[in-house]
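> for reference, the sequence and a predicted model appear below.
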Protein chains: 2
Amino acid sequence: MSARVLIVDDLLPNLKLLETKLSMEYFDVVAAMNGPQALAICEKGLCDIVLLDVMMPGMDGFEVCRRLKTNPATAHLPVVIVTALDEPSDRLRGLDAGADDFLTKPIDDTALFTRVRSLLRLKAVQDELRSRAMASCALGIGDPFTLAAADTGQGARILLVEDRPSAADRMATALSQHHTVTIESDPQRALMTATEGGFDVALISIDLDGVDGLRLCSQLRSLDRTRDMALIMIGETHGMARLTRGLDFGVHDYLLRPVDRNELIARVRTQVRRGRFSHTLRGAVQASIELAVTDELTGLHNRRYLDRQLGPLFGAATDEEHGLACLILDIDRFKSINDTYGHEAGDEVLKAFADRVRQHTRGIDIVARFGGEEVVIVMPGATLADAQAAGERIRQRVEAAPFPIQRGARAIAVTVSVGVAIRHAGDTSASDMLKRSDDALYRAKADGRNRVVAEAA
Amino acid sequence: MSARVLIVDDLLPNLKLLETKLSMEYFDVVAAMNGPQALAICEKGLCDIVLLDVMMPGMDGFEVCRRLKTNPATAHLPVVIVTALDEPSDRLRGLDAGADDFLTKPIDDTALFTRVRSLLRLKAVQDELRSRAMASCALGIGDPFTLAAADTGQGARILLVEDRPSAADRMATALSQHHTVTIESDPQRALMTATEGGFDVALISIDLDGVDGLRLCSQLRSLDRTRDMALIMIGETHGMARLTRGLDFGVHDYLLRPVDRNELIARVRTQVRRGRFSHTLRGAVQASIELAVTDELTGLHNRRYLDRQLGPLFGAATDEEHGLACLILDIDRFKSINDTYGHEAGDEVLKAFADRVRQHTRGIDIVARFGGEEVVIVMPGATLADAQAAGERIRQRVEAAPFPIQRGARAIAVTVSVGVAIRHAGDTSASDMLKRSDDALYRAKADGRNRVVAEAA
C-alpha cells in the first residue's frame, strides 16, 4: 500500500534517515519538524499516516497525538509513536494519547514497515466509507465524526481466546473494569461463539496448546459475520515472525507476553474505538441512503420509494400470477383538524396515524405516505378479501381511541376512509390498480366517510 | 489479507495440492469440482476470489469465467485462471472472458500468492462501497451493478509512460483502436500530466532510462488526485521481483516485454472496467445521499436540507456578524392553474419556475422547495437591498415570458410574490427571520400580488 507518510521529528538527521528508509520502500514522505506544523499538515489532509517522535521542544509528541485523535477531522489518521523513550510509563502515555502503536528505538525496520502497511491497509478500506460519510455530513445529514472522536472506547464486548487459565483470568479481570469479557479456551468453540456475533474485539493467543491461533484469526477475518470484528493477537517475543504474518493478513494489533495490564487496556480501547468508528460511518451512510426514501414527518416510506417499488412488484405479481392489493387511506376531514387546532396538531395526528397503520401491516407490505394526509399500502400476495380485512382492521383501530394532540393536553376523535383494489389480469401497469383504489376511496368519502370500500366487482 | 478462496478443478489431487498450499498461507479454502458448482458458490456470496482451472468436463473454465463476469451479482469477484494450457491463444481467451489474470502451470507459488493478495486488497476497498451501493439498490435507488456488468471497457483515456519510442508507438497504435492514448517519456512530466486528471489507466514502464518507474507508480498511488487511476506496470521477466513489489504496494496489473498486442488490449480493458465499476458505485452511493436532500419534482433542495443548513448558517452569520437574507417566493394563484389545467400543468409550471429561480441565484445561496408552490432562498452575506434586488430580478423573469404547459402545446402567464427579510441582531434563531419573510410575503399578496415586499424597517 503506497501512501503519504508524515514523519515528525525535530532533529534533521533522524528525519532524513527515516525519510530515506521509507522512500526506498516506495512510500511518499512528508516531513514536519514540530507539533504545530504536523497538526497543520494532518488537518489539510496531506498525509495518510503519522510517525511521531515524542521529545520535541514546545508541543511534545504525546500532545500532538492527543490533539490528532480528539479532532474529528484527523481522528481517523493512524499514529505510530517512534521514540528513544523506553520506560513502560512512556509507552502507556503514548497509547493513552490514542497512538495506534508505540515503537521504541532502535527500531527493527521490517517491524515498522509491516506495522505501517497493516495500518494503511485498514485505513484504505475505511477511507471509502469515510468519503461517503463526509458527503452526507456536508449535506447536513448527521455528523459521525464528532460522535466518533468523543467515544471513550468503553463498554465493549470482548472475546478472549486463551487456554492458560491464569493468563486468561488476569486479562479478563483487567478488561472487566471497562468491558464485558467472554473467555473461550477451545478455538473451535471460540469460532462458534464469535460467529454468534456481537463482539467488538477478539483477543487471541497464537500459541494455543496444539492448535495454531493464527488459523483462527484468518478464519475470523474471512467470514462475513466476523470480518468487522477487531483482532488482537497475544504472542511471545520470539514468535515475532508469526505475529508479523498475522498483521500481514489483516489482524489489527498484537500484545507480547507477559501482557502488561495497562497496555492491554489501552490497545483494546484503541481497537474498540476504531471498530466503532467504522460502524458509525457505515451507519451514517446507510442512514443517508434510507433518508432518501423516508418521509421525514411520519417515518413511513415516501412517494419516491412507492414509485420505485411499485413497478417491480407489479411486474413480479404479473409474471408469477400471484395477487397484489392496494389500499389508499385518507384521514377524514383532516383540513378541519389543521384549521381548528393548527398545523402542529395536524402533524401530531399524522404521526400517530402512521404508527397505527404500521402496527397493522406486515413486514412485506409497502406503507408509504402518498402526500398530505394520504397513506398507500401495497400488499404482495393479498386477495381483495385480505386487503379489505386489513383496511377494516386499521379503520377500527383509528376509530377506537382518540388521538392525543398538543403534546397530550387534549385528544380528538379521528376517522379514516379506505379505498381497496387488486391487480387485474388486464392491467397494463400498477397505476391502473392505483386508480381503482382511488375511485373506491372517493366512494368511501361520498358514502359518508369512516368506511372501507372495495373496487366494484 | 485473509479471505475465502474458491478453487475450481475437476481433478481431486490438483484441488488438494492447491488447498494445502493456500491453507498454509492462512487463506480459507472453498472447493468446487465443476463449473455449475462454482457458479452456485459465487452467486451465494461464499467466496472472495476464484482460482479457476480451464479443462473441465461439461462447462469449461472460460465459460465459467464469462458467466461470472457478465452476472451483475458476481462480476466483482476477481478470477485468476490457473491452468496447464500454455498457448498464447489460451491466455488471450481467458483474459477475453474477463479473467483478472491467467497463470500457466507450473505456477510459482510466491507469484500466485502475491497476485491473490493484491486482488483481494483491491476488492476489500471496493467491498465497502459495494455494500452501500447494494443498500441503495435494494431501496430502489439506481442499479449500478447491471450497468457495470454491461460495460465494454472501451473509450477510455490512457496515459502511456514509456521512453522507448518504438515500444511506445506499437502499444499506442494497438490501444488507439479502442481508447485515447497520451504518451509521456519523462516521469516528471508524466506525473504532472496524470494529476491534471481524467485518465482511466496509466501504463508505466518500470525500466525507464535512469529513472525508477516504480517510484512514479507509488507516487500515483499516494496522491489524492490520481489514487483512483488504475496502474499497469510494463517490465521484463527477469525483473519479476520488482513487479511483485509493485503489486504489493497497490499497482493493479503488469505486462511482460515483449508486450503481446492482444494481451495488452485485454488487460487494459479489465482495468478500465474495474475502475469504472468503482466509479459507478461511488456515484450511486453519492447520488442516493444527495437524493435525501433533493426535491424530486423540481430538483431544488428540499425542506429537510433547508432545515438542516439554516441553523448553522444563521449561527455563522451571528458569530461573524455578517449579513444573512431570506426570501420566500410563492407563485400567485397557483391553485387556479391546477384547477384549470390539471395537476400535470401545475407540475410543469413548478419545474420551469424552479429553473428560472436557479438561474438568478448564486452558487452559495440555498434554494429549497418549501412545500407546495413555495420556494425559499437563503443568501449568506446579503443585505436587505441585495435580497430585494435578487427578488425583483426573479419576479421580472417570471413575469417576462409565459410558462409552457401541456408539453409546449400552450403557454400561460405566471407571476410570483416575494417576501424578503434579513437577520436582526436580536434574533434568537433563523425562524425569527423566516417568520418576517413570511409576513412580508403575506403583505405582497394582500397588496395585489406580483411584487417584492421587504420586512418593515
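Perfect, thanks for sending it.
> where does pLDDT dip in chain A?
A:1 (pLDDT under 70).
> what does the stretch 201-350 of chain A put close to chain B?
A:214-215, A:217-219, A:221-224, A:245, A:249-250, A:282, A:285-286, A:288-293, A:296, A:303-305, A:308-309, A:312 (Cβ under 8 Å from any Cβ of the partner chain). Glycine gets a C-beta too; all of them are placed from N, C-alpha and C.
> just confirm A:L243 contacts A:G235, I think it does.
Yes: using Cβ atoms under 8 Å, A:L243 is in contact with A:G235, at 4.9 Å.
> which neighbours do the two have in common?
In terms of Cβ atoms under 8 Å, 6 or more residues apart in numbering or on different chains, A:L243 and A:G235 are both contacted by the residues A:I206, A:Y254.
> neighbours of the residue nearest to A:G213 when sequence neighbours are not counted, how many?
With sequence-adjacent residues excluded and distances taken as Cβ to Cβ, 6 or more residues apart in numbering or on different chains, A:G213 is closest to A:I206, at 3.6 Å. Using other Cβ atoms under 10 Å in any protein chain shown, A:I206 has 23 other residues around it.
> does A:I206 really touch A:I234, like I thought?
Yes: between A:I206 and A:I234 there is a contact under Cβ under 8 Å: 6.8 Å.
> so who does A:V211 touch?
Counted by Cβ under 8 Å, 6+ apart, A:V211 has contacts A:P187.
> just A:A230 next, same as before
A:D200, A:V201, A:A202, A:H252, A:D253, A:Q271, A:V272, A:R274, A:G275.
> over to A:Y26?
Taking Cβ under 8 Å, 6+ apart as the test, what A:Y26 contacts is A:S2, B:L214, B:R215, B:C217, B:S218, B:R245, B:F249.
> hmm, 7 Å instead?
A:S2, B:L214, B:R215, B:S218, B:F249 (Cβ atoms under 7 Å, 6 or more residues apart in numbering or on different chains).
> what's the answer for A:A444, then?
A:S417, A:V418, A:G419, A:R451, A:V452, A:V453.
> surely the fourth one touches A:S417?
Yes: shown here, A:R451 and A:S417 form a contact pair, counting by Cβ atoms under 7 Å, at 6.2 Å.
> which of these two has more residues huddled nearby?
A:S417 (25 against 18).
> need phi/psi at the spatially closest residue to A:G61 that is not a sequence neighbour.
Of all residues not flanking A:G61 in the chain, A:V54 sits nearest, at 3.7 Å (Cβ to Cβ, 6+ apart). Backbone torsions for A:V54, taken as degrees, to the nearest 10, come to phi -90, psi -50.
> list the contacts of A:V54.
Neighbours of A:V54 in contact, by Cβ under 7 Å, 6+ apart: A:D60, A:G61, A:F62, A:I81, A:T83, A:L85.
> returning to that earlier point: ok, so of the contacts of A:A230, who is nearest chain B?
Closest approach to chain B among these (Cβ to the nearest Cβ): A:H252, at 12.2 Å.
> quick one: contacts for the closest one?
Counting by Cβ under 7 Å, 6+ apart, A:H252 has contacts A:L122, A:A230, A:L231, A:I232, A:Q271.
> how near is the spatially closest residue to it that is not a sequence neighbour to chain B?
In space, and not counting its chain neighbours, A:H252 is closest to A:A230: 4.9 Å by Cβ to Cβ, 6+ apart. Separation of A:A230 from chain B (Cβ to the nearest Cβ, to the nearest Å): 14 Å.
> single out the residue in the stretch 1-150 of chain A that lies closest to chain B.
Closest point on the stretch 1-150 of chain A to chain B, by Cβ to the nearest Cβ, is A:G140, at 3.3 Å.
> the residue lying closest to that residue once chain neighbours are set aside is in what secondary structure piece?
Nearest non-adjacent residue to A:G140, counting by Cβ to Cβ, 6+ apart: B:R308, 3.3 Å away. Per DSSP states H and E, B:R308 falls inside helix B:303-320.
> ok, A:R121 next?
helix A:109-138.
> what sits up against whatever helix or strand comes next after that helix?
Remark: after helix A:109-138, the chain's next helix or strand is helix A:144-149, criterion DSSP H and E. With contact meaning Cβ under 7 Å, 6+ apart, helix A:144-149 is reached by A:T70, A:N71, A:P72, A:A75, A:A133, A:C137, A:R276, A:F277, A:T280, A:L281, A:A284.
> the helices in the stretch 1-150 of chain A, which residues?
For the stretch 1-150 of chain A, helices defined by DSSP state H, counting those that start in this stretch occupy the ranges A:12-24, A:35-43, A:61-70, A:88-96, A:109-138, A:144-149.
> among the ones you listed, which is the most enclosed?
Among these, the stretch with the highest mean neighbour count (mean count of other Cβ atoms under 10 Å in any protein chain shown) is helix A:61-70, at a mean of 22.
> ok and it relative to helix A:35-43, angle-wise?
Per axes from the mean of the first three to the mean of the last three Cα atoms, to 10 degrees, the angle that helix A:61-70 makes with helix A:35-43 is 30 degrees.
> which other helices and strands does helix A:61-70 contact?
Using 3 or more Cβ pairs under 7 Å, 6 or more residues apart in numbering or on different chains; DSSP states H and E, the elements in contact with helix A:61-70 are helix A:35-43, strand A:49-52, strand A:79-83, helix A:88-96.
> right, and these - which one's nearest B:A409?
Smallest distance to B:A409 across the helices and strands packed on helix A:61-70 (Cβ to Cβ): 57.2 Å, for helix A:35-43.
> chain center to the closest one: distance?
Here the centre of helix A:35-43 is set off from its chain's centre by 29 Å, with Cα atoms, centre = their mean, to the nearest Å.
> also stretch A:371-388?
Worked out by Cα atoms, centre = their mean, stretch A:371-388 lies 33 Å from the chain centre.
> close to chain B, is that stretch?
No: between stretch A:371-388 and chain B, judged by Cβ under 7 Å from any Cβ of the partner chain, nothing touches; the nearest distance is 10.2 Å.
> any buried residues in that stretch, and which?
A:E373, A:E374, A:V375, A:V376, A:I377, A:V378, A:M379, A:P380, A:A382, A:A387, A:Q388 (16 or more other Cβ atoms under 10 Å in any protein chain shown).
> let's see the distance spanning that stretch from one end to the other.
22 Å (Cα to Cα, to the nearest Å).
> so what touches it?
A:300, A:303, A:306, A:310, A:313, A:317, A:322-331, A:334, A:350, A:354, A:357, A:361, A:364-370, A:390, A:420, A:422, A:452, A:454.
> what is the burial count for A:M55?
Other residues close to A:M55 by other Cβ under 10 Å number 14.
> should've said A:A456
9.
> same deal with A:T294?
21.
> same thing with A:L191?
19.
> A:T415 now?
So A:T415, with other Cβ under 10 Å, has 13 neighbours.
> and the nearest residue in space to it that is not next to it in sequence, how far from A:E374?
Of all residues not flanking A:T415 in the chain, A:N450 sits nearest, at 3.7 Å (Cβ to Cβ, 6+ apart). Using Cβ to Cβ, to the nearest Å, we find A:N450 at a distance of 16 Å from A:E374.
> also A:L77?
Relative to A:E374, and taking Cβ to Cβ, A:L77 is found at 50 Å.
> equivalent analysis for A:R242, please.
64 Å.
> now the residue lying closest to A:L306 once chain neighbours are set aside: which helix or strand?
Of all residues not flanking A:L306 in the chain, A:A368 sits nearest, at 3.9 Å (Cβ to Cβ, 6+ apart). Using DSSP H and E, A:A368 sits within strand A:366-371.
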